[in-house]
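> Could you work out the structure for the sequence below:
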Amino acid sequence: MVESPLVVVDGPNATGVATLTVNRPDKKNALSIAVRDAISDELDRLAEDAELKVLVLTGSGSCFSAGFDLGEFTIDEPGFQDRLWASSDRFHHALLRFPLPTIAAVNGAALAGGFDLALLCDIRVAAASAFFGHPEHAFGDVIYGLLHDLVGGAVARDLCLTGRRIDATEALRMGVVREVVADEDVLAAASRIADEIARAPRSALVRTKAKAIARAGIAPGLPTLDF
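Next up is the predicted model:
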């Protein structure tokens, strides 16, 4: 196990499945610069692990992620906002371009950047108590393309323009998540799907994931706010 104050990584296990947990429960797993950089660092490391086949991402406590740490947007220090957006751009591309399958085990609220974190994964499983939304629509840009590519324009415009929350049941109906399970079973459900995927050769998974990345049509280096 590799552990930091902000991110915990378990595995890969015998079948090639690893779990990355955002570990900031006291802040609802808010994605500060430090958290994003820790996730990006672990993704870079895991991408080079020849034993890895599938990565499961989840949050500690009862929240998946409440999104970016809003307190950082008010910090008025030379270069800080440039660092904030550079960290964001690296984080989004590290997830989008991760070379192996990713599964989000959405164990609670997935809001704003936390919603995007789930959408950047290849497959999503939700706890019954989970809910999703883009509350940042009220004060800033919303990442639109990820949701559009998953559920289509009508649903994406609804959720991105209104910011309304959807519960796990509605997320399932819309196709945002693959399945909804009891809260205590969400990580087990993600692990079950990961084991199904991990039956394939790693080389085949890498090739299939590369096709999915190419089909996403998001250019390398595209800024976060242009997603």
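
> following the worst-scoring helix or strand of the chain on mean pLDDT, which helix or strand shows up next?
Taking mean pLDDT, DSSP states H and E as the measure, the chain has strand 2-3 as its least confident helix or strand, at a mean of 50. Counting by DSSP states H and E, the next helix or strand C-terminal to strand 2-3 is strand 7-10.

> Sheet partners, orientation included, of that next one?
strand 2-3 (antiparallel), strand 17-22 (antiparallel) (DSSP bridges).

> Can you show me the CA trace of the biggest helix by length in the chain as CSV?
Longest helix in the chain by number of residues, with DSSP state H as the criterion: helix 80-96. The C-alpha coordinates for helix 80-96 follow below in CSV (Å, rounded to 0.1, in the frame of the first residue of the first chain):
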residue,chain,number,x,y,z
PHE,A,80,-1.3,31.0,-7.4
GLN,A,81,-4.2,31.1,-9.8
ASP,A,82,-1.9,30.0,-12.6
ARG,A,83,-0.8,27.1,-10.5
LEU,A,84,-4.4,26.2,-9.7
TRP,A,85,-5.3,25.9,-13.4
ALA,A,86,-2.1,24.2,-14.3
SER,A,87,-2.9,21.6,-11.7
SER,A,88,-6.4,21.3,-12.9
ASP,A,89,-5.3,20.8,-16.5
ARG,A,90,-2.8,18.1,-15.6
PHE,A,91,-5.4,16.3,-13.4
HIS,A,92,-8.1,16.2,-16.0
HIS,A,93,-5.7,14.9,-18.7
ALA,A,94,-4.1,12.3,-16.4
LEU,A,95,-7.6,10.8,-15.8
LEU,A,96,-8.8,11.2,-19.3
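
> which secondary structure elements does that helix contact?
Helices and strands touching helix 80-96, by 3 or more CB pairs under 8 Å, 6 or more residues apart in numbering; DSSP states H and E, are helix 33-47. The way it works is simple: take the backbone N, C-alpha and C, and place the C-beta from them, glycine included.

> So which elements touch the very next helix or strand once past the helix it packs on?
As assigned by DSSP H and E, the chain's next helix or strand after helix 33-47 is strand 54-59. The contact analysis (3+ CB pairs under 8 Å, 6+ apart) places strand 54-59 against strand 17-22, strand 102-106, helix 186-197.

> Would you mind listing the outside residues contacting strand 54-59?
For strand 54-59, the external contacting residues (CB atoms under 8 Å, 6 or more residues apart in numbering) are 16-22, 25, 29, 46, 64-65, 98, 100-108, 114, 117, 121, 186-187, 190-191, 194, 197-198, 205.

> Can I get the buried part of those as one PyMOL selection?
To isolate the buried ones among the contacts of strand 54-59 in PyMOL, judged by 16 or more other CB atoms under 10 Å, type:
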select buried, resi 16+17+18+19+20+21+22+29+46+64+65+98+100+101+102+103+104+105+106+107+108+114+117+121+186+187+190+191+194+197+198+205
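
> Determine which residue of the chain is most distant from the centre point.
residue 78 (29.5 Å; CA atoms, centre = their mean).

> Can you tell me how far that residue is from residue 173?
To residue 173, residue 78 is 48 Å away according to CB to CB, to the nearest Å.

> Point me to the helix or strand that includes the most centrally placed residue in the chain.
With distances taken as CA atoms, centre = their mean, residue 117 lies nearest the centre of the chain, 2.4 Å away. Residue 117 is part of helix 113-119 when elements are defined by DSSP H and E.

> which stretch among the strands paired with strand 7-10 comes nearest residue 33?
Closest to residue 33 of these, according to CB to CB: strand 17-22, at 13.7 Å.
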